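Peer 1: based on what follows, work out the 3D shape:
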Amino acid sequence: MLKNEDIICISSIDWDFIWQGHQEIMTRLARNGNRVLFIENTGVRMPRIRDLGRIKKRFLNWKNGVHGIRKVEEGLYVYSPLVLPFPYFRPARFINKKIMFSVLFRWLKAVGFREPVVWTFLPTGLTLDLVDELEPKVLVYYCIDSFRSSSKEAAKIEKTEIQVLKKADLVFVTSTALFNYCSEYSKNVYYFPFGVNIDNFVKCRSGRKSVPQDIEGIKKPIAGYIGGVHKWIDFDLIRSSAQENKDVSFVFCGPLQTDVSMLDGMKNVHFLGQKSAEQLPDYVDNFDLALIPYVLADYTNNVYPTKLNEYLSLGKRVISTALPEVIRFNKENSDIVSICRDKTEFSRKIKEAISKKPTKEECEKAVETAKQNSWAIKISKMSDLIEAVEDARIVEKEKAWNKIFLRIYKGTRSKLVSALLGIVVFYFLFFYTPFIWWVGKPLLVKSEIKRADLICVLGGGVGESGKVGEGYEERAQTAIDLYKNGFSHNILYMSGFKYIMKEAEIMRALSVFHGVEESDIFIDETAHNTYDMVKNLRDFMVQKRMKSVIIVTSPYHTKRLALLSGKILGGDDVYMYPIENSEFYSRGDKVKLKQIKGILHEYLAILYYKYKRYF
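Peer 2: Predicted coordinates for the structure are as follows:
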């Protein structure tokens, strides 16, 4: 049996539902040294009123876990996801995927699940999404039902089921009909009807005798049934048999899942409700014969009744309708089951079985037949198949390592050549063509200037160059020239930058040295970025009652400045005047890296200012 594996089970039932193969297989695997995550049913149809109890239970299970995940025993965890109940609505599937996977993959990472074996009972779109994300070591699909026949809604599952069949490494089925169907889409289909927990039933046979209180008072003989009381039971058959055999009590041990009102008033028909897996042997032990009273339909043509082996493990006689899988079982096991074709035969065989107790030999034969169908044997065989897939992949990888290596090497070499070529093209394009100036052109804004109340010079700090002292001389000289040419009699130097000396003070000193009247110079040393400079400029102009301004700055700073000024200063009397001959942005034979950085910096700054809603 599998050992030391991480296993994810995508179940078609909830953990607390009737104990079936889903729980049995995963419990045994966990107890054999594997780690198992059991994901409860995410649905194949929209819920109905009768599902409210199950929905409430799901919510409580989610609440009792950590984001829906709880530990039920060593190595075994159950995930109860809260999902939208629309399994075939693509937006709901997308939302469910986001909800589930955000929890699931964090948990897998936290506990260290790696290369899991995925074992699914549910072939839905959500399952496909999960398989694609997990990339499992082995994908097993255990096909136990004909979803296409179970209901009109569930029939929609056929498309995704075919995809699961094609993806699966192994497909296990419980009936001949399912085998034939699955074999159309997979070459790796194996027949594995549900087994029986023989140990649990053998304990009852070997001396543990107990009569449950709710069956103790029921008149014998008892014709009993265990399992869900669902729509696939032939209640017309039960009614007829109960009327014909009024001395026999018909007892059903399982949750009511459908309307049974047609049996109301029949004193010899009893519904005892759901029983735990541990309790079931005690109930079966008190049956005088056991029933499989299913209707014959497309759905039940695919059904292998698990209860068959459970009945036989306690040496009980079994009476069944003519289900194809029971007929097959009978052929393989010397007609051990009484199979009936109609109501009359079913009722008659009940009378015959009650009238004569089974011999010791019959009982031993029944028990031995059940042992051959034990879960221990079946899971061991399933594990062998899974391990064979794993081993085959290891061998395949070992044989093909040189091909894989060469393919990776060639791919890497091809990628390296492509990368180098890309670098060369990038280098030539950016450094030896006018491309970067074409990219920067939208950043350059220059106004036709007129005489204004003020010339405002924005200091560069480390500016676009990233170095101290680059740029402020050019800006100051441009302001001095405008001043001397009569465009304004007032200059405002704005810079909060300081390196040894304050930048604004240096620009004032240069201006005075070149003939600007000191009384015509103002400085603002509080602003440290473009946004603050424009706000301070607005406040200065209001204070001095100035209405027009020429703003001097570096060439590719003007676009951001114009956008800010349009929102903060407003009006038509704001003129952008970039430095005409910027040494930093001089166009030589080769573009400099710092020039590329400067232009890219401006684009990023504009995006940031838009994000901050400065303009």
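Peer 1: might one say that residue 233 is in contact with residue 293?
Peer 2: Yes. Taking C-beta atoms under 8 Å as the contact criterion, residue 233 and residue 293 are neighbours in contact, 5.7 Å apart. Glycine gets a C-beta too; all of them are placed from N, C-alpha and C.
Peer 1: what sits in contact with each of those two?
Peer 2: With contacts taken as C-beta atoms under 8 Å, 6 or more residues apart in numbering, the residues that reach both residue 233 and residue 293 are residue 225.
Peer 1: neighbour count: the two, which is higher?
Peer 2: Neighbours per residue (other C-beta atoms under 10 Å) separate residue 233 from residue 293, with residue 233 holding more: 24 against 21.
Peer 1: who touches that one in this structure?
Peer 2: With contact set as C-beta under 8 Å, 6+ apart, residue 233 has these partners: 225, 258, 293-295.
Peer 1: may I have the beta-bridge partners of it?
Peer 2: residue 294 (DSSP bridges).
Peer 1: list just the nearest of the contacts of residue 233 to residue 345.
Peer 2: Taking C-beta to C-beta as the measure, residue 345 lies nearest residue 293 of these, at 12.3 Å.
Peer 1: quick one: the closest one and residue 340, what's the gap?
Peer 2: In this structure, residue 293 lies at 9 Å from residue 340, with C-beta to C-beta, to the nearest Å as the measure.
Peer 1: which residues of the stretch 501-615 of the chain score low on pLDDT?
Peer 2: For the stretch 501-615 of the chain, residues meeting the criterion pLDDT under 70 lie at 571.
Peer 1: now the contacts of residue 233 in a markdown table, with distance to residue 282 and pLDDT?
Peer 2: Written out in a markdown table, the entries for the contacts of residue 233 read as follows (distance: C-beta to C-beta, whole Å; pLDDT from 0 to 100):
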| residue | distance to residue 282 | pLDDT |
| --- | --- | --- |
| 225 | 15 | 97 |
| 258 | 25 | 93 |
| 293 | 22 | 97 |
| 294 | 24 | 96 |
| 295 | 29 | 96 |
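Peer 1: ok, of these, which one's closest to residue 87?
Peer 2: The nearest member of these to residue 87, counting by C-beta to C-beta, is residue 258 at 21.4 Å.
Peer 1: show me the common contact partners of residue 293 and residue 340, please.
Peer 2: Going by C-beta under 8 Å, 6+ apart, residues that sit against residue 293 and also against residue 340 are 320-321, 346.
Peer 1: among these, which are in strands?
Peer 2: Judged by DSSP state E, the subset of the shared contacts of residue 293 and residue 340 located in strands is 320-321.
Peer 1: nearest to residue 192, of the shared contacts of residue 293 and residue 340?
Peer 2: Top of the list for closeness to residue 192, among those and by C-beta to C-beta, is residue 320 at 20.2 Å.
Peer 1: any idea how far that closest one is from residue 303?
Peer 2: 11 Å.
Peer 1: now do the shared contacts for these two.
Peer 2: Between them, residue 320 and residue 303 have residue 294 as joint contacts when contacts are counted by C-beta under 8 Å, 6+ apart.
Peer 1: would you confirm that residue 307 contacts residue 291?
Peer 2: No. In this structure, residue 307 is not within contact of residue 291 by C-beta under 8 Å, at 9.0 Å.
Peer 1: give me the more crowded residue out of these two.
Peer 2: It is residue 291, of residue 307 and residue 291, that has more neighbours when counted by other C-beta under 10 Å, with 26 against 22.
Peer 1: so what's residue 438 scoring on pLDDT?
Peer 2: Residue 438 is assigned a pLDDT of 89 by the prediction.
Peer 1: and the strand or helix carrying it, what's buried?
Peer 2: Here residue 438 is covered by helix 435-440, with elements defined by DSSP states H and E. The neighbour-count criterion (16 or more other C-beta atoms under 10 Å) identifies 436, 440 as the buried residues of helix 435-440.
Peer 1: next secondary structure after it?
Peer 2: The C-terminal neighbour of helix 435-440 among helices and strands, as given by DSSP H and E, is strand 454-458.
Peer 1: elements contacting that following strand?
Peer 2: With contacts taken as 3 or more C-beta pairs under 8 Å, 6 or more residues apart in numbering; DSSP states H and E, strand 454-458 sits against helix 472-484, strand 491-494, helix 530-544, strand 549-553.
Peer 1: low-confidence ranges in this protein?
Peer 2: With pLDDT under 70 as the threshold, the chain has low-confidence stretches at 45-51, 150-151, 153-154, 203-209, 398-406, 461-471, 498-500, 571.
Peer 1: domains of it?
Peer 2: Structural domains of the chain, as assigned by automatic domain parsing, span the residue ranges 6-191, 198-373, 402-431, 439-611.
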